[in-house]
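Colleague: could you look at this predicted model? Sequence included:
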Amino acid sequence: KRVIAYCGNNAIQIDADYAKKKLLEVSPLLLQEGEVIEMAFKMERDHFYFTSKRFLFRDKKGVSGQRVEYVSVPYRAIQGYQVVTPGAMLDFSSELDIWSSGMDTIRMG
């Protein structure tokens, strides 16, 4: 199931406590005081987190993945979202798009 999800560019849910530990190892100041990771997902090299305060997307850039971009969207700023589910046979990919005020569309998938 995980191999199919990875090949189809689908997100795999990961343990929230593990995700918090790993996130704080690389960016100890990224989470706000009292902020809790509620759900976390991994998609190839990228991760996205639903916290108690916001949606957080970690996008590894380039071939080496050394450069990392974090996109933070407070829930109050989200204006809409779209979910596309997998289709028929051999279509394993799904997508999540988030629209917020003053930002480009954030696309996972």
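Modeller: Sure, I can see it. Residues are numbered from 1 along each chain as shown.
Colleague: for the protein, which residues score under the pLDDT cut-off?
Modeller: Residue ranges of the chain with pLDDT under 70: 1-10, 65, 86-94, 107-109.
Colleague: which one's the longest helix in it?
Modeller: helix 16-26 (DSSP state H).
Colleague: quick one: list the elements packing against that one.
Modeller: strand 37-43, strand 46-51 (3 or more CB pairs under 8 Å, 6 or more residues apart in numbering; DSSP states H and E). All C-beta atoms are positioned from the backbone trio N, CA, C, and that covers glycine.
Colleague: mind listing what the closest residue to A16 other than its chain neighbours touches?
Modeller: Distance criterion CB to CB, 6 or more residues apart in numbering; nearest residue to A16, sequence neighbours excluded, is I37 at 4.6 Å. Remark: with contacts taken as CB atoms under 8 Å, 6 or more residues apart in numbering, I37 is in contact with 16-17, 19-20, 23, 31, 49-51.
Colleague: format the helices and strands packed on helix 16-26 as CSV; extra columns: distance to M103.
Modeller: Output for these, formatted as CSV (distance: least, CB to CB, whole Å):
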stretch, distance to M103
strand 37-43, 19
strand 46-51, 15
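Colleague: return the most buried member of those.
Modeller: Highest mean neighbour count among these (mean count of other CB atoms under 10 Å): strand 46-51, with a mean of 20.
Colleague: with just CA atoms, put it into PDB.
Modeller: Coordinates of each C-alpha in strand 46-51 appear next as PDB, following Å, rounded to 0.1, in the frame of the first residue of the first chain:
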ATOM      1  CA  ASP A  46       7.600  16.900   1.100                       C
ATOM      2  CA  HIS A  47       5.600  17.000   4.300                       C
ATOM      3  CA  PHE A  48       2.500  18.700   5.300                       C
ATOM      4  CA  TYR A  49       1.100  19.300   8.800                       C
ATOM      5  CA  PHE A  50      -2.200  20.200  10.200                       C
ATOM      6  CA  THR A  51      -1.500  21.900  13.600                       C
END
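Colleague: grab the most central residue of this structure for me.
Modeller: Among the residues of the chain, the one closest to the centroid is F48, at 1.7 Å (CA atoms, centre = their mean).
Colleague: isn't it right next to R54, touching?
Modeller: No - F48 lies out of contact with R54 (CB atoms under 8 Å); the separation is 11.0 Å.
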